[in-house]
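# One predicted model, sequence on top.
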Amino acid sequence: MSEVMIRLLLRSIWETVLMTAASGAISLAAGLPLGLLLVATAKGGFAENRPVNAVLGAVVNGFRSVPFIILLVALIPVTRLIVGTSLGTGAAIVPLAIAATPYYARIAEVSLREVDPGLVEAVRAMGGGRWHVVREVLVPEALPGIVAGFTVTLVTLIGASAMAGAIGAGGLGDLAIRYGYQRFETGVMVAVVAVLIVLVCALQWIGDRVTARLDHRTAR
């Protein structure tokens, strides 16, 4: 591989990491509260509100049902409105974050639902409000699952960011398409695949270690 290609590969790695990190942070900041709302407003929840839960569930399911490549194209006007362009790494963060938020919200919801309801009732019996339930019970008890789910979300975002390269988002996907596929440079394609595998494995390993440290059932 030539020096120019190495530089392009390094730049593409940075763009992929940037897209994944930024959209992942947004999905965490928006998806976790959304997951909490889904749990709280569900039937039997500590803030039960079935109409709100039905609307939130429909919105989440609606976005999750749209294939990412279609969502990517459909959100071009929104991306232009927010970023000013539909091309480049910054523009790709918008659809990535919008796609990842409902995905992570459902994962967080599953983890939060696994918290022992008896703990919630105990806090409420002692006079704890809704914020105390969230802060003292739900999030701490579900934290291992929340972290594990966030790891899965980041891994999914790496693959989605590569897919975004098909419409000029930059990153490893763009490099693989423009050079590996269109110019038939097999070495570039192999390098991109190898880097993606390394990124996913490294991210999963870190996520597994953090989850194990947080899980009081396995922590030593």
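Arrived safely.
# tell me, what residue is most central in this structure?
Thr153 (3.6 Å; Cα atoms, centre = their mean).
# Next one, pLDDT for it please.
pLDDT for Thr153: 94.
# What separation do you get for it and Ile82?
According to Cβ to Cβ, to the nearest Å, Thr153 stands 21 Å off from Ile82. In this view, the C-beta of every residue, glycine as well, is placed from N, C-alpha and C.
# now Val147
From Val147 across to Ile82, the span is 29 Å (Cβ to Cβ).
# So for those two, which residue has more residues nearby?
Val147 (19 against 13; other Cβ atoms under 10 Å).
# out of everything not next to it in sequence, what's closest to that one?
Nearest residue to Val147, sequence neighbours excluded (Cβ to Cβ, 6 or more residues apart in numbering): Thr211, at 5.0 Å.
# right, and the one you found touches Thr151 too?
Yes - between Thr211 and Thr151 a contact is recorded at 7.2 Å, counting by Cβ atoms under 8 Å.
# which other residues reach stretch 84-103?
15, 18-20, 22-24, 26-27, 30-31, 34, 59-61, 63-64, 68, 71-72, 75-76, 78-80, 82-83, 153, 156-157, 160-161, 164, 167-171 (Cβ atoms under 8 Å, 6 or more residues apart in numbering).
# and the longest helix seen in the chain, what does it pack onto?
Of all segments of type helix in the chain, defined using DSSP state H, the longest is helix 3-40. In terms of contacts (3 or more Cβ pairs under 8 Å, 6 or more residues apart in numbering; DSSP states H and E), helix 3-40 is packed against helix 50-65, helix 89-113, helix 139-164, helix 171-175, helix 186-214.
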